[in-house]
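# Below are the sequence and a predicted model for it; my questions follow.
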Amino acid sequence: MSDTNNSPKITIIIPTYNGKKYISETIESVVNQTWQNWELILIDDGSEDDTCDIIAAIEDPRIHLYKAGRTGVIGPLLNMGLQNASGDFIAFSGHDDLWAKTKLAKQVEALRNYPEAGFCLTGGYNFKKLNEPLEYFYKQKEGVRFDNLFTACFKSEVAGFIQALMFRRECITHADFLKGDNSLSDTNFIINLAQRFKGVILYEPLFFRRLHDTNYSSKNWEKLQDEGFNMIRSYKDSLPSDVYRNALFRSHINSGEKYLKHGTKRKALSSFFNGWMQKPFSFIPLKKISKTLIHYLKGK
């Protein structure tokens, strides 16, 4: 697909902070899209490196840089982008992530094919080295799902990466903007959309999430865990009780595994115990508690 006078315009929003190492490659990933009717809004969060100079040197009238000062929180940055967006569709990316060349075109096509859908998500994978996939977001690598995805978000059936999202501009008038100081405001935004609109998942891997030591999620994993629990609890009255309990159960088990990975056995035990409280007939937390206790007593 290519740009025509009648094709919808896409606003792409990228927040950045000290992104000089990756920002050129990320912008190139946008510029190389087969869908060319877009504007790119970059929101700089007070970078102290050459990020802004790199962006300013790119001669493309579709690229716009806004300087937000230092906030340290992604929600207000994305909101600034939304407030300045003029596209018919909205998409997001991280300053270190990449897209397949056909990502935008295929998402526009999906939203045209499913006019009742308010948003579209794609498949993808994590990577450290280019073209070397690590974990895929979905086991399924092809096909389409069109559905009410709200409860699916709490059943581990939806990968909640905002970089894989495209949604219709008019959805903003019905769904909340991103919450101010919550690091998981982007995930919550997807859930908020799913609560109000049907959605499409394109399982084809079209978004590639770069992993490195300076990822926000790598440095703030414990804070993100706590916010994740609070987010699940905030939807308690909107979810079937079994979906709610299972979501907390999985989160506690995953939390325990992360604490073990970081060598914090007492907190791991607490997480596994909390998981057992959600599903007292499950052997999974009991096995993990036993294994952790054995290692703890042995001093490993």
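Sure, I can see it. Predicted model only: the values in this text are computed from it and were never measured.
# buried set for stretch 122-134?
For stretch 122-134, the buried set under the neighbour-count rule, 16 or more other CB atoms under 10 Å, comprises 122-125, 127. (C-beta placed from N, C-alpha, C; glycine too.)
# same check, this time on stretch 83-98
Residues of stretch 83-98 classed as buried: 85, 87-98 (neighbour count, 16+ other CB under 10 Å).
# Strand partners (parallel or antiparallel) of the lengthiest strand in the chain?
Taking DSSP state E as the criterion, the chain has its longest strand at strand 198-210. According to DSSP bridges, strand 198-210 forms sheet pairs with strand 98-99 (antiparallel), strand 117-127 (parallel), strand 144-147 (antiparallel).
# Looks like Ile162 contacts Thr187 (just checking).
Yes - look at Ile162 against Thr187 with CB atoms under 8 Å: they come within range, at 7.2 Å.
# hey, where'd the strands end up in this protein?
Counting by DSSP E, one finds strands in the chain at the ranges 10-16, 38-44, 63-67, 89-92, 98-99, 117-127, 133-136, 144-147, 165-168, 198-210.
# Adding distance to Glu222 and mean pLDDT, write those strands out as a markdown table.
Compiled in a markdown table, the strands of the chain are given as follows (distance: least, CB to CB, whole Å; pLDDT from 0 to 100):
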| stretch | distance to Glu222 | mean pLDDT |
| --- | --- | --- |
| strand 10-16 | 22 | 97 |
| strand 38-44 | 26 | 98 |
| strand 63-67 | 30 | 97 |
| strand 89-92 | 25 | 97 |
| strand 98-99 | 28 | 98 |
| strand 117-127 | 20 | 97 |
| strand 133-136 | 20 | 95 |
| strand 144-147 | 32 | 98 |
| strand 165-168 | 25 | 97 |
| strand 198-210 | 20 | 97 |
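# Same list (those strands) but as TSV, adding distance to His295.
Formatted as TSV, those follow (distance: least, CB to CB, whole Å):
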stretch	distance to His295
strand 10-16	40
strand 38-44	45
strand 63-67	49
strand 89-92	40
strand 98-99	39
strand 117-127	28
strand 133-136	25
strand 144-147	40
strand 165-168	40
strand 198-210	31
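# Out of those strands, the one nearest Ile284 is which?
Smallest distance to Ile284 across the strands of the chain (CB to CB): 20.6 Å, for strand 133-136.
# which residues are in contact with that closest one?
For strand 133-136, the surrounding residues in contact (CB atoms under 8 Å, 6 or more residues apart in numbering) are 123-128, 205, 208, 211.
# Max pairwise distance over these: which two?
Gly123 and Lys128 (18.6 Å).
# Can you pull out the low-pLDDT segments for the stretch 101-250 of the chain?
Within the stretch 101-250 of the chain, the stretches with pLDDT under 70 are 174-185, 214-220.
# CA atoms of stretch 137-146 as CSV?
Only the C-alpha atoms of stretch 137-146 are listed here, as CSV (Å, rounded to 0.1, in the frame of the first residue of the first chain):
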residue,chain,number,x,y,z
PHE,A,137,4.3,-12.8,22.0
TYR,A,138,1.9,-15.5,20.7
LYS,A,139,2.5,-19.1,19.9
GLN,A,140,0.3,-18.5,16.8
LYS,A,141,2.2,-16.8,14.0
GLU,A,142,-0.6,-16.2,11.5
GLY,A,143,-4.3,-15.7,11.4
VAL,A,144,-6.7,-13.1,12.7
ARG,A,145,-8.9,-12.8,15.9
PHE,A,146,-11.8,-10.4,16.0
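# in that stretch, what counts as buried?
Buried residues in stretch 137-146 (16+ other CB under 10 Å): 137-138, 145.
# again, but for stretch 242-250
If you call a residue buried by 16+ other CB under 10 Å, then stretch 242-250 has these buried ones: 243-244, 246-250.
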